[in-house]
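*Asks:* give me a model of this one.
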Amino acid sequence: MKRFFTSADVGRVCGMSVPTVLKRFEEGLLKGYKTRGDKGELRVTRQYLLDFMERLGVPREELDRTEASQEKRRILMVDDDEVLLKALKANFAQDSRIDVDVRVANNAVDTLFACGNTRPDLIILDLKIPGMRGEKVLEFIKTSAELNETKVVVFSGYPRFKVKVLKAGADAFVAKPDVKGLKDTVYALLGIERRNRVETRAQA
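*Replies:* Here you go, the predicted model:
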């Protein structure tokens with residue numbers, strides 16, 4: 001059980017951005033203290049966080065749920081477009097809703113190696129990758145005993161294959177370039193809820 005929380009932790013629990021958390025601290029609505037140094041970081045005790053949550057009307061269960069989900073989730077992104085991979089990785093890394101360890105692969109060999117080496121919780125799979133058709137990679141994942149709990153989201157620019165890949169075992173299909181839809185799908189499959197409903201209330 002954590003004794004102290006960072007501004008990012010508070011944001012995850014209360015459904016607000018880090019700048020908003022810092023603003024509430026400066027306004028005195030959130031109690032805490034800054035660490036020493038030119039770039040002092042905010043630290044909030046558990047009780048101060050609970051008091052802030054009560055002020056906002058955030059149920060205690062949000063803290064329990066957030067702490068339970070703090071273990072890093074492993075996501076493997078597979079696509080032959082390295083620019084897209086870099087952008088997606090950065091997008092997920094900047095999201096305060098979840099702490100993720102994102103790995104990328106742009107060919108079949110690296111994909112199969114990463115699957116065996118990291119055993120990802122979820123794989124974002126393009127159907128067009130060098131070395132092996134995406135459908136074959138999907139088949140490998142779904143028939144592997146070591147990956148039987150791994151979720152697979154097919155992220156493809158070929159929506160006509162949606163029915164086919166879902167029948168083959170994919171947990172979801174998202175058509176490119178719907179990044180928002182992709183992230184919502186990923187979080188739903190990992191059991192991560194959006195917590196932005198409190199943001200408007202906190203900014204009032």
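
*Asks:* residues contacting the residue nearest to residue 135 when sequence neighbours are not counted?
*Replies:* Nearest residue to residue 135, sequence neighbours excluded (Cβ to Cβ, 6 or more residues apart in numbering): residue 168, at 6.2 Å. The way it works is simple: take the backbone N, C-alpha and C, and place the C-beta from them, glycine included. Each residue near residue 168 by Cβ atoms under 8 Å, 6 or more residues apart in numbering is listed here: 135, 138-139, 142.

*Asks:* pull the number of nearby residues for the closest residue in space to residue 93 that isn't next to it in sequence.
*Replies:* Closest residue to residue 93 apart from its sequence neighbours, by Cβ to Cβ, 6+ apart: residue 102 at 6.5 Å. Neighbour count for residue 102, taken as other Cβ atoms under 10 Å: 19.

*Asks:* pull the number of nearby residues for the nearest residue to residue 34 once chain neighbours are set aside.
*Replies:* In space, and not counting its chain neighbours, residue 34 is closest to residue 40: 3.5 Å by Cβ to Cβ, 6+ apart. Residue 40 has 10 neighbours, counted by other Cβ under 10 Å.

*Asks:* wasn't residue 149 part of a helix?
*Replies:* No. Under DSSP: H, G, I helix; E, B strand; the rest coil, residue 149 sits outside any helix and is assigned coil.

*Asks:* if we can go back for a sec, just the contacts of residue 168 now: which is nearest residue 54?
*Replies:* residue 142 (45.4 Å; Cβ to Cβ).

*Asks:* in terms of helices and strands, where is that closest one?
*Replies:* helix 134-143 (DSSP states H and E).

*Asks:* what mean pLDDT does that helix get?
*Replies:* Summarised as a single mean, pLDDT over helix 134-143 is 90.

*Asks:* just the buried residues of it, please?
*Replies:* 134-135, 137-138, 141 (16 or more other Cβ atoms under 10 Å).

*Asks:* ok, of the residues you listed, which one's closest to residue 20?
*Replies:* residue 141 (39.1 Å).

*Asks:* okay if I get the buried residues of helix 134-143 as a markdown table plus distance to residue 73?
*Replies:* Shown next, in a markdown table, are the buried residues of helix 134-143 (distance: Cβ to Cβ, whole Å):
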| residue | distance to residue 73 |
| --- | --- |
| 134 | 22 |
| 135 | 25 |
| 137 | 20 |
| 138 | 20 |
| 141 | 17 |
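
*Asks:* and of these, the nearest to residue 61?
*Replies:* Nearest member of the buried residues of helix 134-143 to residue 61, counting by Cβ to Cβ, is residue 141, at 33.4 Å.

*Asks:* which residues are in contact with the residue nearest to the closest one when sequence neighbours are not counted?
*Replies:* Spatial nearest neighbour of residue 141, excluding adjacent residues (Cβ to Cβ, 6+ apart): residue 147 at 5.1 Å. By Cβ under 8 Å, 6+ apart, residue 147 lies in contact with 115, 119, 141.
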